[in-house]
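>>> Would you be able to build a 3D model of this:
(one chain, ligands or ions: 1)
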Amino acid sequence: MSNGTVAAADHMDAMLGREGELVLVNGLQQPRIEVAAGTTERWRVVNTCASRFLDLELEGRPWQLLGYDGQALRAPQQRDSLLLAPGNRVDVLVSPSATGSTTLRSRGYDRGDMGMGMGGGMMGGSDDTSSDVTLAAVTVTPGPDASRAVPWRGPGVSARDLRRAQVDRSRTLTMTGGGMGMGMTEFGFDGRTFDPDRVDQELRLGTVEEWTITNTTTMDHPFHLHVWPMQIVGPEESAEPEWRDVVIVPANGQITVRVDVRNHPGRTVYHCHILDHEDLGMMGVVAAV
Ligand SMILES: [Cu+2]
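Residues are numbered from 1 along each chain as shown. Down below sits the predicted model:
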């Protein structure tokens, strides 16, 4: 607001998840990034937006993905775009071969609405709740400038592959709430909002858990588990193991992950990484014993 404070969210804003009007890169609005042709740079991109999904594109130039959320792929994978929910991060190689200019942008993404068409269509003239936005201007200067080259040294450290592991316990977590008017309920898990004094999931250290996270709402929710990485095993098993700290659970959809529960006894939490949803109570307590 004009006096420098953050405007308070009304309940509808919070249910949708506030995205704000500006997207900054390293604190700047649409900065210019210079890369020398013929060199390779390693970029780490973190989506620290409160609610906005980013579908990153370096127009006309593919990404070389090293991995999501700090877990290395066996070899870089070429991708035209990279979807990051709030809290997701990627490591990528950028190695332009020709000079010129391009744009780092996020393509529009529809993360759903309150079930009555009340999303971005009403506010921005688009059906995308997370709108198309230009993030930075990228200029490829003549090279090579060998001092900026970062060689790819091969696979890094990855978590244990659980695709063939014995599952000690399976459980289902259901993301609930939302809706309009009289039927509107608070976001939560299994019909309950967050209570720091309640343990929602008790885990045993040294076991492998399989969690099916079901979303009964009309919006996508990025599910974040603290402490242990989640390996995606469903609905489709990928050819290569993939881990996430934040998994996107699509509206009216589900996703299955496996968790290697080890090393960290005590209490921690899982929550929706749309911060307004977390504040509304979409969070639960894990105790590992
Ligand atoms: Cu959410």
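>>> Can you list the low-confidence ranges for the stretch 1-150 of the chain?
116-126, 144-150 (pLDDT under 70).
>>> List the residues that contact the residue in it that the ion sits nearest to.
Per CB to the ion, residue 17 is where the stretch 1-150 of the chain lies closest to the ion, at 6.5 Å. The C-beta positions use only the backbone N, C-alpha and C, and glycine is treated the same way. Applying CB atoms under 8 Å, 6 or more residues apart in numbering to residue 17 gives the contacts 50, 51, 111, 219, 274, 275, 276, 277.
>>> Just to be sure, which of these are found in helices?
275, 276, 277 (DSSP state H).
>>> Who wins on neighbours among these?
residue 277 (29 neighbours; other CB atoms under 10 Å).
>>> Wait, that one touches residue 223, no?
No: Residue 277 is beyond contact range of residue 223, at 10.5 Å (criterion: CB atoms under 8 Å).
>>> Pull up the overlap in contacts between those two.
The contact lists of residue 277 and residue 223 share residue 271, where a contact means CB under 8 Å, 6+ apart.
>>> May I have the phi/psi pair for the residue of the stretch 1-150 of the chain closest to the ion?
phi 90, psi 110 (degrees, to the nearest 10).
>>> OK, contacts around the most centrally placed residue in the chain?
By CA atoms, centre = their mean, the chain has its centre lying nearest to residue 85, at 2.6 Å. Listed by CB under 8 Å, 6+ apart, the contact partners of residue 85 are 47, 53, 220, 222, 246, 248, 273.
>>> any chance of the residues you listed in CSV, with distance to residue 3 too?
What follows is the contacts of residue 85, written out as CSV (distance: CB to CB, whole Å):
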residue, distance to residue 3
47, 29
53, 30
220, 34
222, 32
246, 34
248, 36
273, 29
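>>> Can you list which of those residues are found in strands?
Per DSSP state E, strands hold the following members of the contacts of residue 85: 222, 246, 248.
>>> coming back round to it: excluding its backbone neighbours, what's nearest the residue of the stretch 1-150 of the chain closest to the ion?
Nearest in space to residue 17, with sequence neighbours left out and distances taken as CB to CB, 6 or more residues apart in numbering, is residue 51 at 3.3 Å.
>>> Can I get stretch 252-272 as PDB, trimmed to CA atoms?
Written as PDB, here are the backbone C-alpha positions of stretch 252-272 (Å, rounded to 0.1, in the frame of the first residue of the first chain):
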ATOM      1  CA  ASN A 252      -9.200 -33.400  -8.300                       C
ATOM      2  CA  GLY A 253      -6.200 -35.600  -8.900                       C
ATOM      3  CA  GLN A 254      -3.600 -37.500  -6.900                       C
ATOM      4  CA  ILE A 255       0.000 -38.400  -6.800                       C
ATOM      5  CA  THR A 256       1.900 -41.200  -5.000                       C
ATOM      6  CA  VAL A 257       5.300 -40.700  -3.400                       C
ATOM      7  CA  ARG A 258       7.700 -42.900  -1.400                       C
ATOM      8  CA  VAL A 259       9.700 -41.600   1.600                       C
ATOM      9  CA  ASP A 260      12.800 -43.100   3.100                       C
ATOM     10  CA  VAL A 261      12.200 -42.300   6.700                       C
ATOM     11  CA  ARG A 262      15.600 -42.100   8.400                       C
ATOM     12  CA  ASN A 263      18.100 -40.100  10.500                       C
ATOM     13  CA  HIS A 264      15.800 -37.400  11.900                       C
ATOM     14  CA  PRO A 265      13.700 -38.400  15.000                       C
ATOM     15  CA  GLY A 266      11.200 -35.800  16.200                       C
ATOM     16  CA  ARG A 267       8.400 -33.700  14.900                       C
ATOM     17  CA  THR A 268       8.100 -31.900  11.700                       C
ATOM     18  CA  VAL A 269       5.300 -30.800   9.200                       C
ATOM     19  CA  TYR A 270       3.900 -31.100   5.800                       C
ATOM     20  CA  HIS A 271       1.900 -28.400   4.200                       C
ATOM     21  CA  CYS A 272       0.600 -26.700   1.000                       C
END
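>>> Go through it and flag the buried ones.
254, 255, 256, 257, 258, 259, 260, 261, 269, 270, 271, 272 (16 or more other CB atoms under 10 Å).
>>> For the last one, list each beta-bridge partner.
In this structure, residue 272 has beta-bridge partners residue 223, where bridges are defined by DSSP bridges.
>>> Looks like it contacts residue 225 (just checking).
No: using CB under 8 Å, residue 272 is not in contact with residue 225, being 11.3 Å away.
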